[in-house]
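In: Just the structure for this:
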Amino acid sequence: MSGNKVEGYLTVFLDSKPPNIIVEELNSSESIKVKNNRYYQIKGKTIENKGIKDNQVVINGTKMYFSFEYILNLKPGNNIVKIETTDIAGNDCTKTYSINYAEDKILKPQIGSKTM
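Out: Got it, this is the predicted structure:
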């Protein structure tokens, strides 16, 4: 192509909008209180027009795909759930939830207590 001139156009689209994570029945500003059920199911999906990197979402370090269901084994007290995803342009979205688990305690009355 010696001496020939080639012209053309290249269109580049900039994606600066992060993906979205939608979790059923949870609001990211909420602190959830759970009693007497040590398992809590988290269900949701990711939304992104251009595509999610590696087609995955990460929940507390566990890799899952677009639509997800995750069973959290709660420990007594505060449990943090962190959900993360990244789109193919490198935009991140992270949502964090606080779930407080309390076990009901059964009190056994003692007859003849010396507390008088």
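In: Can you read off the pLDDT for K82?
Out: pLDDT recorded at K82 is 91.
In: Using PDB, write out every CA atom in the lowest-mean-pLDDT helix or strand in the chain.
Out: Here the helix or strand of the chain ranked lowest by mean pLDDT, DSSP states H and E is strand 31-35, holding a mean of 74. Only the C-alpha atoms of strand 31-35 are listed here, as PDB (Å, rounded to 0.1, in the frame of the first residue of the first chain):
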ATOM      1  CA  SER A  31     -30.600  -3.500  59.100                       C
ATOM      2  CA  ILE A  32     -32.600  -6.800  59.200                       C
ATOM      3  CA  LYS A  33     -33.500  -8.500  62.500                       C
ATOM      4  CA  VAL A  34     -34.100 -12.300  62.400                       C
ATOM      5  CA  LYS A  35     -35.200 -14.500  65.200                       C
END
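In: For the chain, just list every one of the strands.
Out: For the chain, applying DSSP state E gives strands covering 20-23, 31-35, 39-47, 52-59, 62-65, 67-73, 77-87, 92-102.
In: Against which helices or strands is the fourth one packed?
Out: Translated: strand 52-59. Strand 52-59 sits against strand 39-47, strand 62-65, strand 67-73, strand 77-87, with contacts defined as 3 or more C-beta pairs under 8 Å, 6 or more residues apart in numbering; DSSP states H and E. Glycine gets a C-beta too; all of them are placed from N, C-alpha and C.
In: which stretch among those comes nearest Q56?
Out: strand 62-65 (5.0 Å; C-beta to C-beta).
In: Flag the shaky bits of the chain, pLDDT-wise.
Out: 1-2, 27-31, 55, 106-108, 110, 112-116 (pLDDT under 70).
In: Nearest residue to the middle of it?
Out: In the chain, the residue lying closest to the centroid (C-alpha atoms, centre = their mean) is I83, at 2.2 Å.
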